[in-house]
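Peer 1: next input, structure requested:
(2 chains)
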Amino acid sequence: MKILVCISRTPDTTAKIAFTENSTKFVSEGVQWIINPYDEWYALVRAIEMKEKDPSMLVHLVTVGAVDTEPVIRKALALGGDEAIRVDAEPGDAYQASCMIAEVARQGGYDLILTGKETIDQNGSAVAGMVAELLDVDMVSLAVALECSEGKAKVTREIEGGEEVYEVPLPVVISCQKGMAEARIPNMRGIMAARTKPLRVVAPTAVLPLTFTERYALPAAKVGVKLVAADQPEELVRLLHEEARII
Amino acid sequence: MRKRELSDKSPDNFLTNSIAMAVLTYVDLNEGLVRKSSLEALCYGSQLAERFGCPSEAIVLGSVSIDLAELGAYGVTRVHHVADGGLDVFDTRRHASIVAAMARAIGATTVVLSHSLNGRALGPRLSVRLQAGYVSGVTSLPEETEQFIIKRNVFSGKAQAEVSILSPVRVLTLQPNAFGIRRGAGQAEVITGTTPEDSGRVHHLETRKVTGSIPLGEAELVISGGRGLKGPEHWGLVEDLAGLGEAELVISGGRGLKGPEHWGLVEDLAGLIGAATACSRAVADAHWRPHHEHVGQTGLAIAPNLYFAIGISGAIQHLAGVNRSKVIVVINKDPEAPFFKAADYGIVGDAFEVMPRIIAAVRRLKAV
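Peer 2: Take a look at the predicted model:
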């Protein structure tokens, strides 16, 4: 069985978010880059867990990005996985990235493609569905549990106010979220092994994005907190009722 | 596998002034009822159609327990309903193929979905099928019709982006609670379609419902802390909104509450105002509260009308999940807690002294 895990590079969760060049470009100077947490903690770690149970499985990682994404790919390989593929392109939107991932998937013939539920920078939640549609295979989103056996995947997915369990034949694309696996940190052996794991660079597919980010904006700052004295909490209730008209 | 022809046109050739022929809104169901987030999507779709001077139509898949003609109140003129063929099982591939076929049949140039858990699964598939630019979590209508530019939240709510769609057809998912529901008069024409008996490969095995919980992502009021609505008897508060069964209020608590045994403070307030309950990551990780209540960057991102945080310091990761709330109230004994910078109202004080008095005051207010 072959698993493809889609890895995206994102700014660290505590990174300062700022824009330059007329608010069209993210300020990346001084930003610590990490593996998108949903890709790492849930998609990648689940694939590694499955391989630990069945060492005959092959786990490949794919990312779409320039050469500066390689440290993050090595970090992912330090957690696990047999090899990585980097599509040498800086995608303009999720569609462009998905077309390139789908091309890698077509050539590799994977049984299972895992993504995080979204990236923490673009928050698009788009790649899993687009890749599935490009490959014309099934897709289950927002999965919290996954088991594979005999050519089938048993997937538990979040629904509003609960969960649903499905059985889907492979191949299938699954977007993963909290619950899927326990986050882990790479050990020294993994870090050493990652240095020599194959990292293949492939040329991008000729495809154009369908959307364009015109500009970014930071949310307007709050005017400031209205503090209520701790010995008069009733005043807060009055403000919420009469001023904010919320309760 | 299907081979896709890739276009070599320059992006400029994609720019279009074409008038939308129709707007098609996908209506997501919850046990036969229309989700509140879908009502928002319908209203958004109808306003978009009005701007483009074209009809607003809707598509509903699966069995319903309401009269779909009533959706006319949200501005749609026609509702296409396909109920047979096992469509009660959510299958992204089948559902997307039917919605895409309908979009083509009516000449829809914009397909609107809510950014609900189902909507965000279908949107990307539709985008590929229709060769349509996809923007998810949309928070605004386009300001002009010549160039289709809309806003969405990025960087986990820490920034906003203006995105233009370059293709003639577009697929959007609408951020819940970003767009108000306007209910007018009017009846829609309901057109019933059929689809071949279950050709899908996805088999539904089981559904597990968390009883008494509110879909946080759609809730309008959040007081982050306790166990919330306490039971189905409070769902009336929610259903009043549109008579179609979605949550209106939610409440949240953090480590400052010192242990699950103190969650009564959260639950009492939530119960009084009909709110759902939420918690910080530390609380969920300590198993004081279930994980589905965790709001924040790696939990659920919410945008309620009220987020009432008790004993939560407001780390940047937590703020990312809640900073789109309309009013934020923070109760924390540490005056340096970063949450106060993001709050509208606050009390620097001990939750165990302050909260009982707040609950008593709300009780008096509600008794009037």
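Peer 1: show me the helices in the stretch 201-350 of chain B, by range?
Peer 2: Using DSSP state H, counting those that start in this stretch, the helices of the stretch 201-350 of chain B run over B:235-239, B:264-273, B:281-285, B:316-322, B:339-342.
Peer 1: next one: the stretch 51-200 of chain B
Peer 2: So, for the stretch 51-200 of chain B - with DSSP H, counting those that start in this stretch - the helices run B:92-106, B:119-130.
Peer 1: same deal with chain A?
Peer 2: For chain A, the helices defined by DSSP state H cover A:37, A:45-53, A:70-79, A:94-108, A:127-135, A:188-196, A:233-238.
Peer 1: which one, of those helices, ends up nearest to residue A:166?
Peer 2: helix A:127-135 (14.0 Å; C-beta to C-beta). The C-beta positions use only the backbone N, C-alpha and C, and glycine is treated the same way.
Peer 1: give me the contact list for that closest one.
Peer 2: A:6, A:8, A:94-95, A:97-99, A:101-102, A:105-106, A:113, A:115, A:117, A:138-139, A:141, A:171-175, B:1-2, B:4, B:92-93, B:96, B:120-125, B:127-129, B:134 (C-beta atoms under 8 Å, 6 or more residues apart in numbering or on different chains).
Peer 1: just the buried members of those residues?
Peer 2: Among these, those buried by neighbour count (16 or more other C-beta atoms under 10 Å in any protein chain shown) are A:6, A:8, A:94-95, A:97-99, A:101-102, A:105, A:113, A:115, A:117, A:138-139, A:141, A:171-175, B:4, B:92-93, B:96, B:120-125, B:127-129, B:134.
Peer 1: OK, contacts around the closest residue to residue B:121 other than its chain neighbours?
Peer 2: Once flanking residues are discounted, residue B:121 sits nearest to residue A:141: 3.9 Å by C-beta to C-beta, 6 or more residues apart in numbering or on different chains. Listed by C-beta under 8 Å, 6+ apart, the contact set of residue A:141 reads A:117, A:125, A:128, A:129, A:157, A:174, A:175, B:92, B:117, B:120, B:121.
Peer 1: measure stretch B:30-40 end to end?
Peer 2: This stretch, stretch B:30-40, spans 15 Å end to end (C-alpha to C-alpha, to the nearest Å).
Peer 1: go on, stretch B:66-74?
Peer 2: 15 Å.
Peer 1: buried set for it?
Peer 2: B:68, B:70, B:71, B:72, B:73, B:74.
Peer 1: again, but for stretch A:67-80
Peer 2: For stretch A:67-80, using 16+ other C-beta under 10 Å, the buried residues are A:69, A:70, A:72, A:73, A:74, A:75, A:76, A:77, A:78, A:79, A:80.
Peer 1: and the pLDDT at residue 33?
Peer 2: Picking chain A for this. Per-residue pLDDT puts residue A:33 at 97.
Peer 1: switch to chain B, please.
Peer 2: Reported pLDDT for residue B:33: 89.
Peer 1: and the residue of the stretch 101-250 of chain B found nearest chain A, what does it touch?
Peer 2: When scored by C-beta to the nearest C-beta, the stretch 101-250 of chain B has residue B:124 as its residue closest to chain A, at 2.9 Å. Applying C-beta under 8 Å, 6+ apart to residue B:124 gives the contacts A:94, A:98, A:125, A:126, A:127, A:128, A:129, A:130, A:132, A:133, B:134, B:136.
Peer 1: determine if any part of stretch B:293-300 is in contact with chain A.
Peer 2: Yes. Counting by C-beta under 8 Å from any C-beta of the partner chain, chain A has neighbours in stretch B:293-300: B:294, B:297, B:298, B:299.
Peer 1: give me the mean pLDDT for that stretch.
Peer 2: On average, stretch B:293-300 scores 81.
Peer 1: give me the residues contacting it.
Peer 2: A:13, A:37-38, A:120, A:178, B:156, B:213, B:216-217, B:222, B:224, B:252, B:277-281, B:283-284, B:291-292, B:301-302, B:316-318, B:320-322.
Peer 1: which residue comes closest to residue B:21 once chain neighbours are left out?
Peer 2: That would be residue B:107: by C-beta to C-beta, 6+ apart, it lies 3.6 Å from residue B:21.
Peer 1: now do the one you found, the pLDDT please.
Peer 2: 93.
Peer 1: closest one of the contacts of residue A:141 to residue B:41?
Peer 2: residue B:120 (11.9 Å).
Peer 1: for the residue nearest to that closest one when sequence neighbours are not counted, report the pLDDT, please.
Peer 2: In this structure, residue B:120 finds its nearest non-sequential neighbour in residue A:125, 4.6 Å apart by C-beta to C-beta, 6+ apart. On the pLDDT scale, residue A:125 is placed at 96.
Peer 1: I am finished for the moment; much appreciated.
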